[in-house]
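J.: need a 3D model of the sequence below.
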Amino acid sequence: MPRLSVIILAAGQGKRMHSALPKVLHPLAGKPLLGHVIDRALDLAADHIAVVYGHGGAQVLEGMAGAPVRWVLQAEQLGTGHAVAEAMPEVDDAATVLVLYGDVPLTRTDTLRRLVDLVGSRSMGLVTVRLDDPTGYGRVVRDAHDAVTRIVEQKDADPEELALKEINTGIMAAPAGALRGWLARLDNANAQGEYYLTDIIAMAVADGMVVHTVHPGHSHEVEGVNNRAQLAALERTYQRARAEELLHQGVTLMDPSRFDVRGTLEVGRDVTIDVNVICEGRVVLGDGVVVGANVVLRDVEIGADTEVLPFSMVDTATVGAGARIGPYARIRPETRLADHVHVGNFVEIKKSVVGEGSKVNHLSYVGDADVGRGVNIGAGTITCNYDGANKHRTVIGDEAFVGSDTQLVAPVTVGAGATIGAGTTVTRDVPPGELALSRVPQTIRAGWQRPQKK
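T.: Next comes the predicted model:
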């Protein structure tokens with residue numbers, strides 16, 4: 001099987017985005033547009049992936065740092081033909097070249113595989129689609145035998161050609177040796193003064209090549225992003241497709257049109273997700289998990305039968321089975337909540353381990369702490385973990401009871417079964433089973449009168 005070289009064109013400026021961010025870095029489903037295209041090339045097991053970049057070059061390189069591609073600078077944007085030619089020196093003549101676009105993010109892998117499979121020593125492939133309104137696109141011209149003969153760009157088309165409905169998507173595959181020769185023969189004698197990649201189609205036909213066409217399952221596979229409206233439309237297309245997949249897996253989505261996956265989502269049986277939930281990174285939901293409205297889940301694993309109530313955020317954490325989180329709770333990175341933990345409203349937990357059956361139900365901050373099993377932490381409790389320079393840990397043993405409005409000044413240890421009275425500031429270790437208090441004695445002033453306004 002011939003080697004596969006993928007050339008991704010990503011040098012455009014994207015003026016209609018009205019943004020300082022290069023167009024190909026704008027996110028769709030939480031990932032840069034270019035990232036989606038590179039993923040498709042990786043799905044095809046390409047031997048060589050080259051990305052041709054230009055405008056916003058430094059930003060593109062930084063934004064896609066670590067991508068397994070060869071970067072090719074197109075210093076002058078002289079057209080798509082010129083861009084492909086810039087990437088060809090490192091391509092083997094025996095390879096098949098697949099040309100993709102950094103702002104066309106939703107092309108399916110199977111569509112591209114069908115396209116590549118059409119390429120031979122005397123044949124090439126082109127992705128085309130028929131549109132009711134083809135305005136702005138290059139038209140595919142066929143002969144009386146329905147064979148592709150050439151592509152004419154909108155600005156160069158005559159009235160008869162403008163009436164054609166089949167358009168060129170720009171996505172094509174060809175044998176590298178032949179493609180190299182065609183690129184060398186391109187000229188810029190056209191309305192835009194550019195070297196059109198599409199002009200190679202007529203050259204291929206003149207050389208006796210058969211130009212096969214592949215039609216995608218849906219036109220959104222070949223839709224590009226030129227402005228914010230098109231980006232928003234493709235975002236909804238992508239999210240609706242993810243929602244349909246989840247519905248077919250048995251997930252209950254209260255409103256499939258108000259749900260976003262910006263990464264991967266793995267689900268068990270009988271999962272229920274309410275409206276406006278956002279899943280980012282890798283999210284795993286066990287059997288019977290219920291996620292309330294307006295919840296954000298980022299890089300989390302949540303055990304079976306756990307409920308995350310509305311307006312909560314769980315970020316880079318693990319949650320056991322049968323737990324209850326929220327509403328209005330924030331679970332921050334490096335937190336591990338065991339089975340049957342309760343985290344209530346306006347509670348923040350950061351970089352902590354909370355043991356099985358423990359409860360932090362109201363208005364508390366637990367940071368840099370190890371909390372044992374069966375612990376009750378009362379309302380308004382905070383771990384004072386930061387001394388202005390360093391973070392320190394708090395350790396709370398099994399079955400301890402921490403009264404409301406307590407400050408635990410780390411580093412400090414509360415022993416198993418100990419009790420902290422409400423309103424206490426704990427600055428020293430509390431032995432297991434003991435009671436700690438630090439209250440100012442209460443006084444009553446008999447007959448005292450509240451001051452009156454003059």
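
J.: C-alpha only now, for contacts and for neighbours.
T.: Fine.

J.: what are the boundaries of the helices in the stretch 301-450 of the chain?
T.: For the stretch 301-450 of the chain, helices defined by DSSP state H, counting those that start in this stretch do not occur.

J.: remind me which residues of it are low pLDDT?
T.: For the stretch 301-450 of the chain, no stretch has pLDDT under 70.

J.: do that again at 90, thanks
T.: For the stretch 301-450 of the chain, residues meeting the criterion pLDDT under 90 lie at 439-442, 450.

J.: can you show me the CA trace of stretch 112-122 as CSV?
T.: The C-alpha trace of stretch 112-122 is given here as CSV (Å, rounded to 0.1, in the frame of the first residue of the first chain):
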residue,chain,number,x,y,z
LEU,A,112,-11.5,10.4,3.7
ARG,A,113,-10.6,6.7,3.7
ARG,A,114,-13.0,6.2,0.7
LEU,A,115,-11.3,9.1,-1.0
VAL,A,116,-7.7,7.8,-0.5
ASP,A,117,-8.7,4.3,-1.6
LEU,A,118,-9.6,5.8,-5.1
VAL,A,119,-6.1,6.9,-5.8
GLY,A,120,-4.0,4.9,-8.2
SER,A,121,-1.2,5.4,-10.7
ARG,A,122,-3.8,6.6,-13.2
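
J.: tell me the domain boundaries of this protein?
T.: 4-222, 241-436 (automatic domain parsing).

J.: quick one: residue 68 from residue 93, how far?
T.: Shown here: residue 68 relative to residue 93, a distance of 22 Å by CA to CA, to the nearest Å.

J.: so between those two, which is more surrounded?
T.: residue 93 (17 against 13; other CA atoms under 10 Å).

J.: what's the longest helix in the protein?
T.: Looking across the chain with DSSP state H, the single longest helix is helix 228-248.

J.: that one: how far from the chain's middle?
T.: 13 Å (CA atoms, centre = their mean, to the nearest Å).

J.: can you list contacts of that helix?
T.: 16-17, 28-29, 106, 220, 224-225, 253, 256-257, 259-261 (CA atoms under 8 Å, 6 or more residues apart in numbering).

J.: what's the most distant pair in those?
T.: 16 and 253 (34.8 Å; CA to CA).

J.: quick one on the thing from earlier: just the CA trace of the longest helix of the chain, in CSV.
T.: Only the C-alpha atoms of helix 228-248 are listed here, as CSV (Å, rounded to 0.1, in the frame of the first residue of the first chain):
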residue,chain,number,x,y,z
ARG,A,228,-18.2,33.4,13.9
ALA,A,229,-21.7,32.5,12.7
GLN,A,230,-20.3,29.6,10.7
LEU,A,231,-18.3,28.5,13.7
ALA,A,232,-21.3,28.6,16.0
ALA,A,233,-23.4,26.6,13.5
LEU,A,234,-20.7,23.9,13.2
GLU,A,235,-20.5,23.8,17.0
ARG,A,236,-24.2,23.0,17.3
THR,A,237,-23.9,20.4,14.5
TYR,A,238,-21.1,18.7,16.4
GLN,A,239,-22.8,18.8,19.7
ARG,A,240,-26.1,17.5,18.3
ALA,A,241,-24.2,14.6,16.8
ARG,A,242,-22.6,13.8,20.2
ALA,A,243,-26.0,14.1,21.9
GLU,A,244,-27.6,11.6,19.4
GLU,A,245,-24.8,9.2,20.1
LEU,A,246,-25.5,9.4,23.9
LEU,A,247,-29.2,9.0,23.4
HIS,A,248,-28.6,5.8,21.4
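
J.: in that helix, which residues are buried?
T.: Buried residues in helix 228-248, defined by neighbour count with 16 or more other CA atoms under 10 Å: 231, 234, 235, 236, 237, 238, 239, 240, 242, 243, 246.

J.: centroid-nearest residue for this protein?
T.: residue 30 (2.7 Å; CA atoms, centre = their mean).

J.: for it, which non-adjacent residue is closest in space?
T.: Distance criterion CA to CA, 6 or more residues apart in numbering; nearest residue to residue 30, sequence neighbours excluded, is residue 262 at 4.7 Å.

J.: and residue 447, what does it touch?
T.: Residue 447 touches nothing, counting by CA under 8 Å, 6+ apart.

J.: do a quick rundown of the helices in the stretch 151-300 of the chain.
T.: Using DSSP H, counting those that start in this stretch, helices in the stretch 151-300 of the chain cover 159-162, 176-184, 200-206, 228-248.

J.: out of these, nearest to residue 121?
T.: Across the helices of the stretch 151-300 of the chain (criterion: CA to CA), the nearest stretch is helix 176-184, sitting at 8.5 Å.

J.: not counting its own residues, what contacts the closest one?
T.: Identification of contacts with helix 176-184 by CA under 8 Å, 6+ apart yields 81-82, 85, 88, 91-97, 197, 200, 203-204.

J.: go again using 7 Å as the cut-off
T.: 81, 85, 92, 93, 94, 95, 96, 97, 200, 203 (CA atoms under 7 Å, 6 or more residues apart in numbering).

J.: now the last one. Nearest residue, chain neighbours left out?
T.: Using CA to CA, 6+ apart and skipping residues adjacent in sequence, the residue nearest residue 203 is residue 182, 6.6 Å away.

J.: so how many other residues sit close to the one you found?
T.: So residue 182, with other CA under 10 Å, has 20 neighbours.

J.: and what of residue 442?
T.: Count around residue 442 with other CA under 10 Å applied: 5.

J.: then the one 10 residues further on?
T.: The burial count assigned to residue 452 is 5, neighbours taken as other CA under 10 Å.

J.: go on, residue 190?
T.: Neighbour count of residue 190, defined by other CA under 10 Å: 12.

J.: and what of the one 10 residues further on?
T.: Residues lying near residue 200 (other CA under 10 Å) number 21.

J.: show the contacting residues for it.
T.: Here residue 200 is in contact with residue 182 (CA under 7 Å, 6+ apart).

J.: so which residues of the stretch 1-150 of the chain form helices?
T.: Under DSSP H, counting those that start in this stretch, the stretch 1-150 of the chain gives helices at 33-43, 57-63, 80-87, 109-116.

J.: what mean pLDDT does the longest one get?
T.: This predicted structure assigns helix 33-43 an average pLDDT of 98.

J.: again with the third one
T.: The average of the pLDDT scores along helix 80-87 is 96.

J.: same question for the second one.
T.: In this model, helix 57-63 has a mean pLDDT of 93.

J.: which residues belonging to that helix are considered buried?
T.: 57, 60, 63.

J.: got a list of contacts for it?
T.: Counting by CA under 7 Å, 6+ apart, 22, 25 sit against helix 57-63.

J.: what do you get for the third one?
T.: Applying CA under 7 Å, 6+ apart, the external contacts of helix 80-87 come out as 7, 9, 50, 52, 72, 74, 183, 195, 196, 197.

J.: and with 10 Å instead?
T.: Surrounding helix 80-87, the residues in contact under the criterion CA atoms under 10 Å, 6 or more residues apart in numbering are 6-12, 49-54, 70-77, 97, 99, 101, 170, 179-180, 182-184, 186-188, 194-200.

J.: which residues sit in contact with the residue nearest to residue 131 when sequence neighbours are not counted?
T.: If the residues on either side of it in the chain are set aside, residue 131 comes closest to residue 165, at 5.6 Å by CA to CA, 6+ apart. Neighbouring residues of residue 165 by CA under 10 Å, 6+ apart: 129, 130, 131, 132, 133, 134, 135, 137, 138, 139, 140, 141.

J.: nothing else from me, thank you.
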